[in-house]
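> Give me a model of this one.
(one chain, ligands or ions: 1)
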Amino acid sequence: MSAPVKKNDRLTVYIEDLTHDGNGVAKVDGYPLFIQGALPNETTEVHVLKTLKNYGFAKVIEILKPSADRVDAPCEYFAQCGGCQLQHLSYEGQLKWKENMVRNVMQRIGKINAPVLPVKGMEEPWHYRNKAQIPLSINEAGQAIAGFYKTKTHSIVDMERCLIQTGEADAVLAGLKKELAASGIQPYNELTHEGMLRHVVIRKARATGEVMVVLITKKKKFPQKETAVAIIKKLVHNITSIMQNINSAKTNVIFGDETVNLWGKDVIIDTIGDVRFEISARSFYQVNPEQTEVLYKQALDYADLQGDERVIDAYCGIGTISLFLAQKAQAVMGVEIVPQAIEDAKRNAALNGFTNTYFEAGPAEEVIPRWYKEGKEADVLVVDPPRKGCDEALLNTILEQRPKRVVYVSCNPATLARDLRILEYGGYQTQEIQPVDMFPHSTHCEAVAWLNLT
Ligand code: SAH
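Here you go, the predicted structure:
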């Protein structure tokens, strides 16, 4: 079949859907056209940019009939920056779309009939990110630029503020560039591998207000470090920690292996619910703590702990969910593949005085079967895997060992649906699915599912 449209055609289309990366979808005689910036239920005049065998791309010329949910994107950089995809859709519209998306994926991929509840969103869906990783560079005129990357590129959109980051991140974004000129600190140039300052990372603990700034430099010898500390202290009044991380490699990975203290404390402390967490320069930590609490409370609610249960937390990261569960369980065993994260989990367990937790580093699909062999059984199993979902061997272990309750925390509805199907074939029944909006204005959606044995 050849495409019913060709490059440079202009036509009027009706937008039926929105893809997982935020593009509108129209069908021309069944042939999908992906249209950036178009929203479902809009009638739009488009210009065809490119056609492939099974689908094509077009751009909006004019929106003839806008969606009732369309709004002007509040951010002035929205059109160029790759950080957000949905600012042109009202927040209510985003939540509705995410709910439908999760429900459709459950039915289409998993044939899962359990109820999908309305998405739990944020009351104030702005300035929610507690970590900003800002790349620096220089423009053709030799001036410092800083901001976030354009979609699917490594070119920086130079900006002064970001509506989803903290005020402290904005202060650095807007102020640092001006200060650098007189300081003698050269921003790093990715193309030539010249310059010193590669990235600035700003982390804020929402509950305590503590702020850490990490300067990622090309070399350890940083002659202007006193000047850098003075600049950061001037820009961020509530700063509690300034760290230097050294990354000498020609890479787009942000952090190098070595971190040293330039000023203040080595860590900042945050709390989620009643649990305290210590965050160092490179620690993994959820980026939206307010919604993380909503997500974990839901997981805890679905785990329905009475106090005498043994719980396994697979893919536990720094033990955030584990420690949440440990408040109500007899014992929690967490497993995670990154050894450093397990060190953090142990430290955080001690920081909170938990004595009913046990953490082990390794692949969940190998460690958990071994635990069962050693008689370490679980009444409730919680999983929170990466986007690719649970390892098949882990799902097989669940089906063999049959814990009476499974709570599945997921950052990818498609793999959640696939894994729920496997668990349902094996004798579990999905009871309910609660999506939670952890990343307003992006197309991501987290969800928690609860399964019981039938
Ligand atoms: N539950 C944590 C982290 C979830 S992110 C939290 O809420 O903060 C998923 C985690 O799975 C990551 O920390 C990743 O390192 C880990 N991971 C990936 N593959 C794994 C595997 N095969 N076994 C155990 N952990 C794994």
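> okay, CA-based contacts and neighbour counts for the rest of this
Fine.
> hang on, residue 283 packs against residue 343?
No - contact criterion Cα atoms under 8 Å: residue 283 and residue 343 do not qualify, at 10.3 Å.
> neighbour count winner among these two?
residue 343 (17 against 14; other Cα atoms under 10 Å).
> Beyond the strand or helix carrying the more buried one, next helix or strand please.
Assessed by DSSP states H and E, residue 343 sits inside helix 339-351. Sequence order places strand 357-361 as the next helix or strand after helix 339-351, per DSSP H and E.
> show me where pLDDT drops low in the stretch 101-250 of the chain?
Low-confidence segments of the stretch 101-250 of the chain (pLDDT under 70): none present.
> tell me the strands in it, going along the chain?
Secondary structure of the stretch 101-250 of the chain by DSSP state E, counting those that start in this stretch: the strands cover 131-138, 144-149, 156-158, 197-204, 211-217, 239-246.
> Out of the ones you listed, which is closest to residue 373?
Nearest to residue 373 among the strands of the stretch 101-250 of the chain is strand 131-138 (40.5 Å), distances taken as Cα to Cα.
> you'd agree residue 380 is up against residue 404?
Yes - between residue 380 and residue 404 a contact is recorded at 6.3 Å, counting by Cα under 8 Å.
> ok, those two, which is more surrounded?
Under the criterion of other Cα under 10 Å, the comparison of residue 380 against residue 404 puts residue 380 first, with 23 against 15.
> list the helices and strands the helix holding residue 343 packs on?
Applying 3 or more Cα pairs under 8 Å, 6 or more residues apart in numbering; DSSP states H and E, we find helix 339-351 packed against strand 275-279, strand 357-361.
> anything in the last one near the ligand?
No - applying Cα under 6 Å from any ligand atom, one finds strand 357-361 separated from the ligand by no less than 7.6 Å.
> how does this structure divide into domains?
10-65, 95-123+288-453, 131-272 (automatic domain parsing).
> Does residue 50 have any beta-bridge partners, and if so which?
With DSSP bridges applied, residue 50 shows beta-bridge pairing to residue 57.
> Could you pull up the residues touching it?
Residue 50 is in contact with 6, 7, 8, 56, 57, 58, counting by Cα atoms under 8 Å, 6 or more residues apart in numbering.
> Wait, the fourth one touches residue 32, no?
Yes - in this structure, residue 56 is within contact of residue 32 by Cα under 8 Å, at 6.5 Å.
> Quick one: name the residues of the chain near the ligand.
Applying Cα under 6 Å from any ligand atom, we find that the chain lies next to the ligand at 286, 315-317, 320-321, 335-338, 362-364, 384-386.
> and residue 410, how many residues sit next to it?
Neighbour tally, residue 410, other Cα under 10 Å: 25.
> ok, now residue 359?
Neighbour count for residue 359, taken as other Cα under 10 Å: 22.
> for residue 182, same thing?
By other Cα under 10 Å, neighbour count at residue 182 equals 8.
> And stretch 168-184, what's buried?
Using 16 or more other Cα atoms under 10 Å as the test for burial, stretch 168-184 gives 168, 169, 170, 171, 172, 173, 174, 175, 176, 177, 179, 180.
> Am I right that the last one is in contact with residue 186?
Yes - taking contact to mean Cα under 8 Å, the distance of 7.3 Å between residue 180 and residue 186 places them in contact.
> so who does residue 433 touch?
Contacts of residue 433 by Cα under 8 Å, 6+ apart are 114, 115, 116, 117, 447, 448, 449, 450.
> Pretty sure it sits in a strand.
Yes - looking at residue 433 with DSSP: H, G, I helix; E, B strand; the rest coil, it is inside a strand.
> The closest residue to residue 18 other than its chain neighbours pairs with what?
Sequence neighbours aside, residue 24 is the residue nearest to residue 18 in space, at 4.5 Å (criterion: Cα to Cα, 6 or more residues apart in numbering). When assigned by DSSP bridges, residue 24 has beta-bridge partners residue 18, residue 35.
> Just the buried ones out of the contacts of residue 50, please.
For those, buried by 16+ other Cα under 10 Å: 56, 57, 58.
> how about these in a markdown table, adding distance to residue 415 and pLDDT?
Below are the buried ones among the contacts of residue 50 laid out as a markdown table (distance: Cα to Cα, whole Å; pLDDT from 0 to 100):
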| residue | distance to residue 415 | pLDDT |
| --- | --- | --- |
| 56 | 26 | 97 |
| 57 | 26 | 97 |
| 58 | 29 | 97 |
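> Let me know the closest of these to the ligand.
residue 57 (33.2 Å; Cα to the nearest ligand atom).
> Does that closest one touch residue 38 like I think?
No - if you go by Cα under 8 Å, residue 57 and residue 38 don't touch, sitting 11.8 Å apart.
> follow-up on the earlier one: residue 371 is nearest to which of the helices and strands packed on helix 339-351?
strand 357-361 (10.5 Å).
> other SSEs contacting the closest one?
Strand 357-361 packs on helix 320-326, strand 331-336, helix 339-351, going by 3+ Cα pairs under 8 Å, 6+ apart.
> List the buried residues for stretch 191-203?
Of all the residues in stretch 191-203, those buried under the rule 16+ other Cα under 10 Å are 195, 196, 197, 198, 199, 200, 201, 202, 203.
> Next up, the contacts around the first one.
In this case it means residue 195. Residue 195 neighbours (Cα under 8 Å, 6+ apart): 185, 186, 187, 188, 189, 218.
> The nearest residue to the last one once chain neighbours are set aside: how many residues sit nearby?
Just to be clear, that refers to residue 218. Nearest residue to residue 218, sequence neighbours excluded (Cα to Cα, 6+ apart): residue 248, at 4.6 Å. Using other Cα under 10 Å, residue 248 has 17 other residues around it.
> can you pull the contacts of residue 248?
217, 218, 219, 256.
> so how far is the ligand from it?
To the ligand, residue 248 is 24 Å away according to Cα to the nearest ligand atom, to the nearest Å.
> And that residue, how close does it get to residue 154?
Distance of residue 248 to residue 154, computed by Cα to Cα, to the nearest Å: 18 Å.
> Which residue is the nearest non-sequential neighbour of the residue of the stretch 351-454 of the chain found nearest the ligand?
Nearest to the ligand, among the residues of the stretch 351-454 of the chain, is residue 363, at 3.4 Å (Cα to the nearest ligand atom). Once flanking residues are discounted, residue 363 sits nearest to residue 337: 5.1 Å by Cα to Cα, 6+ apart.
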